[in-house]
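Colleague: here is a sequence with its predicted model. Questions after.
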Amino acid sequence: MKKQIFTLLAASLPALATEMPPMIPDGPVEYDTLTYEASASTQDYVPTEESMNPYGTPAYDMPASAPMAAPSSERNGYVNLNVYTSNYNVRGMGFCNHITEHGFSSVSGSYTFPNRNFFGRGIQQRVSGEFGIIWDAGCPLGDTPMANVHYAMGKEIFPNLLVELGTTYRRGGIEGYLARYHDNTDHRATWEFNLTLTYNDHQKGFFGSATWGLGVWGLTGSYFDAEIGYRFTDVINRGNFGSDLEVSAGIAPSVKYWGSHVEGVDAYRVKLALVPFTNSGTMGRDARAQVKPWIMGSWSGSTAGKLDHYTGYGPVDHFQITVGIDMGLKF
């Protein structure tokens, strides 16, 4: 029996030998030379005295990467030139020819500070302003340029929905004119606080805003302005050029803002705006430059008669068709 076991082990030794690792040879080990294709990182490698020093830090000249373009959502501001508007109006409430006869032009801008995590709460800060001229020096509003400065802190509370709390200083315009009328002083300025909700869904096309303002100096009432709209895409698209169409409607009530006994709806409005674009991305949609011709119909509300009676000279136009053109640049 023992002889059979030893015979079986002896027969399996060659098989076990093939499973064992090879013996380490004596003397230095020689390896075949390895070759590989040069990559960008090795192709631009330049050896220096420091890199050849075994005790130093090797230096490598790596190829520079092309800078990545920031997405449009990271753009911080815009400048808008209202080239011309045929009538001067405020939140859709238009004013008669003896107030503004030859139209209106303005330049406005907005800038959001890059740090959009103020206080570590996802709060952003924004400053904006507007400067405008009524093209009739002989009318009550034409001898004083209109200007306002606005500061706000905001936070995106839901996707595409931004809430802002801010303050606005205004000089000139119908607000400054009526502030001077009520106070019988030389100043034409007002100061107010604002709470605004803004919604803009570029993918689905819906947009809108709602603003509540409270005057604390000059005009001391409150007002509300709400607008809702929809953006129809590719209403025109031929070759490199096309256009979207924005349709919106708004309402603007007020409570004792224009006077102590004036409250109700200031105006209703409907607006159509074309947003031309190029398929090459140089203008419109998400491009930096934008041109927007528009037309708006506005109807005065219940405050028109009260304001006319209150002031005694009928400043509000009860129906207006207003046309205008804007040119904008994002940065």
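Modeller: Right, received. Where do you want to start? Residues are numbered from 1 along each chain as shown.
Colleague: ok, Val235 - contacts?
Modeller: Val235 makes contact with 242-245 under the criterion Cβ atoms under 8 Å, 6 or more residues apart in numbering. Glycine gets a C-beta too; all of them are placed from N, C-alpha and C.
Colleague: at 6 Å instead, please
Modeller: The contact partners of Val235, by Cβ atoms under 6 Å, 6 or more residues apart in numbering, come to 243, 245.
Colleague: so it: helix, strand or coil?
Modeller: Counting by DSSP: H, G, I helix; E, B strand; the rest coil, the backbone at Val235 sits in strand.
Colleague: okay, now the unreliable bits of this structure?
Modeller: Counting by pLDDT under 70, the chain shows low-confidence ranges at 1-74, 98-99, 137, 142, 183-186.
Colleague: can you give me the helices for the stretch 51-200 of the chain?
Modeller: Using DSSP state H, counting those that start in this stretch, the helices of the stretch 51-200 of the chain run over 173-183.
Colleague: could you pull out the strands for it?
Modeller: 77-85, 89-90, 93-94, 104-112, 123-134, 146-158, 161-171, 189-200 (DSSP state E, counting those that start in this stretch).
Colleague: of the ones you listed, flag the one that's most buried.
Modeller: strand 93-94 (a mean of 26; mean count of other Cβ atoms under 10 Å).
Colleague: from the chain's centre, how far out does that one sit?
Modeller: Mean-position distance between strand 93-94 and its chain equals 27 Å (Cα atoms, centre = their mean, to the nearest Å).
Colleague: who touches it?
Modeller: Looking at what lies outside strand 93-94 - Cβ under 6 Å, 6+ apart - the contacts are 87, 266-267, 298, 317, 320.
Colleague: filter the residues you listed down to the ones in strands?
Modeller: Mapping the contacts of strand 93-94 onto strands (DSSP state E) picks out 266-267, 298, 320.
Colleague: and which of the residues you listed is nearest His102?
Modeller: Nearest to His102 among the ones in strands among the contacts of strand 93-94 is Gln320, at 14.5 Å by Cβ to Cβ.
Colleague: that closest one against Trp299, yeah?
Modeller: No - with contact defined as Cβ atoms under 6 Å, Gln320 and Trp299 do not form a contacting pair (8.3 Å).
Colleague: show me what stretch 113-126 is in contact with.
Modeller: Outside stretch 113-126, the residues within contact range by Cβ under 6 Å, 6+ apart are 112, 152-155.
Colleague: send me it as PDB with only the CA atoms.
Modeller: Only the C-alpha atoms of stretch 113-126 are listed here, as PDB (Å, rounded to 0.1, in the frame of the first residue of the first chain):
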ATOM      1  CA  PHE A 113     -23.000  90.300  -8.200                       C
ATOM      2  CA  PRO A 114     -21.000  87.000  -8.900                       C
ATOM      3  CA  ASN A 115     -21.300  85.800  -5.300                       C
ATOM      4  CA  ARG A 116     -24.800  84.300  -5.400                       C
ATOM      5  CA  ASN A 117     -24.400  82.600  -2.000                       C
ATOM      6  CA  PHE A 118     -24.600  85.700   0.300                       C
ATOM      7  CA  PHE A 119     -24.700  84.800   4.000                       C
ATOM      8  CA  GLY A 120     -24.300  81.100   2.900                       C
ATOM      9  CA  ARG A 121     -28.000  81.100   2.100                       C
ATOM     10  CA  GLY A 122     -28.000  81.100  -1.700                       C
ATOM     11  CA  ILE A 123     -28.900  84.800  -1.700                       C
ATOM     12  CA  GLN A 124     -27.800  87.100  -4.500                       C
ATOM     13  CA  GLN A 125     -27.500  90.900  -4.700                       C
ATOM     14  CA  ARG A 126     -28.600  92.900  -7.800                       C
END
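Colleague: next, the buried residues of it.
Modeller: Judged by neighbour count using 16 or more other Cβ atoms under 10 Å, the buried positions of stretch 113-126 are 116, 123-126.
Colleague: one step back: could you dump the contacts of stretch 113-126 into TSV and include distance to Phe95?
Modeller: Below are the contacts of stretch 113-126 laid out as TSV (distance: Cβ to Cβ, whole Å):
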residue	distance to Phe95
Thr112	32
Ala152	27
Met153	32
Gly154	31
Lys155	36
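Colleague: which one of those residues is nearest Pro293?
Modeller: Closest approach to Pro293 among the contacts of stretch 113-126 (Cβ to Cβ): Thr112, at 26.6 Å.
Colleague: that older thread, farthest-apart pair in the contacts of strand 93-94, please.
Modeller: Top of the distance list for the contacts of strand 93-94 (Cβ to Cβ): Asn87 and Asp266, 15.0 Å.
Colleague: so those two - more neighbours on which side?
Modeller: Higher neighbour count among Asn87 and Asp266: Asp266, with 29 against 23, using other Cβ atoms under 10 Å.
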